[in-house]
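Visitor: Provide a 3D model corresponding to the input given below.
(one chain, ligands or ions: 1)
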Amino acid sequence: MRVIVEADAEGVSRTAARFVAELVRRQPDCVLGLATGSTPLGLYAELIRLHRQEGLDFARVVTFNLDEYVGLAATHPQSYRSFMQRHLFDHVNLDPRHTHVPDGRALDFEAHCGQYERLILEAGGIDLQVLGIGGDGHIAFNEPGSSLGSRTRLKTLAPETIRDNARFFGGEEAVPRLAVTMGVGTILESRRCLLLATGEAKAGAIRDCIEGPVTAQVTASALQLHRDVAAIVDEPAAGLLARREYYRHVEQAQRLLQSGGLRTVGPTIDHE
Ligand code: F6R
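Guide: Numbering: from 1, shown residues only. Take a look at the predicted model:
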């Protein structure tokens, strides 16, 4: 796993936006996997800036969001569909028909989840999946104990997640108890993953995800099995990483290599 430590949350957003923008420019019909929550807000703001000021073109891009609360209509202000409209979709030239968020009010969730998986496959799979991480180490809503082979399905939120998200609902009581979420197995099939984390509150989860054992108790740790993951974290979120200095050396070597200052026998280093 590539680990990029930035000084602050702004640096995380800028670096993440560089990864996304580089893909969109190289492959204008790419498929992006998107996350909600506080962490990617800076990334989305930067993508909007790149669209407005540098003409970053989303006309052919297709998106799939990770998850949605069960019971909330798309128009509910706290639904992940309205979150995405507010923070990204309404501000760039994405074709509305190309944006996908699971339906929290589906009549038949089993059928809906199967169809979501099929739509991802029909779109050619996800080229780049943006991920945040929960305080309990979850990715999407794959709470501790979720199968590392899981697919899109209904999941019961953990008490910690309900507590974390109460701030958006004005209290724990109003937080939905269930979500539709892509599975860990679905996420691992993305061609590349960008895991973003900022703030001290994520330091334990980031340590367990990157340096702990692969375990269903920390579903983000399954990313260690993926061959192309970049974890982009700020200093506070990196605070408990034992190999922090090594990750820095790797990034320095990467930069040297890219600028022609290093020679190796292979074409690249440390990408996996
Ligand atoms: C959101 C999602 C969640 C969040 C995670 C972190 O679509 O899938 O896994 O990424 O709960 O949330 P924040 O960024 O609010 O700390």
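Visitor: Contacts only, for G42.
Guide: Counting by CB atoms under 8 Å, 6 or more residues apart in numbering, G42 touches A9, E10, V12, S13, R14. Bear in mind the C-beta positions are built from the backbone N, C-alpha and C, glycine included.
Visitor: give the contact list for the residue in the stretch 51-200 of the chain that the ligand sits nearest to.
Guide: Here the residue of the stretch 51-200 of the chain nearest the ligand is G132; by CB to the nearest ligand atom that distance is 2.4 Å. Going by CB under 8 Å, 6+ apart, G132 touches A35, G37, S38, T39, P40, I139, L195, L196, A197.
Visitor: ok, which of these also contact the ligand?
Guide: Contacts with the ligand within the contacts of G132, counted by CB under 6 Å from any ligand atom: A35, G37, S38, T39, I139.
Visitor: For this structure, which segments are assigned as helices?
Guide: In the chain, the helices defined using DSSP state H lie at 9-26, 41-54, 80-87, 109-122, 159-169, 184-188, 203-211, 244-258.
Visitor: ok, and for the fifth one, which residues are buried?
Guide: The neighbour-count check on helix 159-169 (16 or more other CB atoms under 10 Å) flags T161, I162, D164, N165 as buried.
Visitor: what is the orientation angle of it with helix 80-87?
Guide: Interaxial angle of helix 159-169 relative to helix 80-87 (axes from the mean of the first three to the mean of the last three CA atoms, to 10 degrees): 50 degrees.
Visitor: now the first one
Guide: In terms of direction (the same axes, to 10 degrees), helix 9-26 departs from helix 80-87 by 90 degrees.
Visitor: what pLDDT, on average, does helix 9-26 get?
Guide: On average, the pLDDT along helix 9-26 is 98.
Visitor: list the buried ones in that helix?
Guide: Neighbour-count burial for helix 9-26, counted by 16+ other CB under 10 Å, picks out A9, G11, V12, S13, T15, A16, A17, F19, V20, A21, L23, V24.
Visitor: from the residues you listed, which are also near the ligand?
Guide: The subset of those within reach of the ligand, by CB under 6 Å from any ligand atom, is empty.
Visitor: So which residues on the protein come close to the ligand?
Guide: Residues of the chain found near the ligand (CB under 6 Å from any ligand atom) are 35-39, 66-67, 132-134, 138-141.
Visitor: Recalculate using a threshold of 5 Å.
Guide: Applying CB under 5 Å from any ligand atom, one finds that the chain approaches the ligand through A35, T36, G37, S38, T39, L66, D67, G132, G134, A140.
Visitor: Got phi/psi on the third one?
Guide: In other words, G37. Dihedral pair for G37: phi 90, psi 180, per degrees, to the nearest 10.
Visitor: Now it: closest residue in space, sequence neighbours ignored.
Guide: In space, G37 comes closest to G132 once its chain neighbours are excluded; the distance is 4.7 Å by CB to CB, 6 or more residues apart in numbering.
Visitor: And the pLDDT for that neighbour?
Guide: 98.
Visitor: do the same with I269
Guide: The model's pLDDT for I269 equals 54.
Visitor: cool, L262 as well?
Guide: Confidence score, pLDDT, at L262: 67.
Visitor: Tell me if I'm right that A197 and S38 touch.
Guide: No: taking contacts as CB atoms under 8 Å, A197 lies outside contact range of S38: 10.8 Å.
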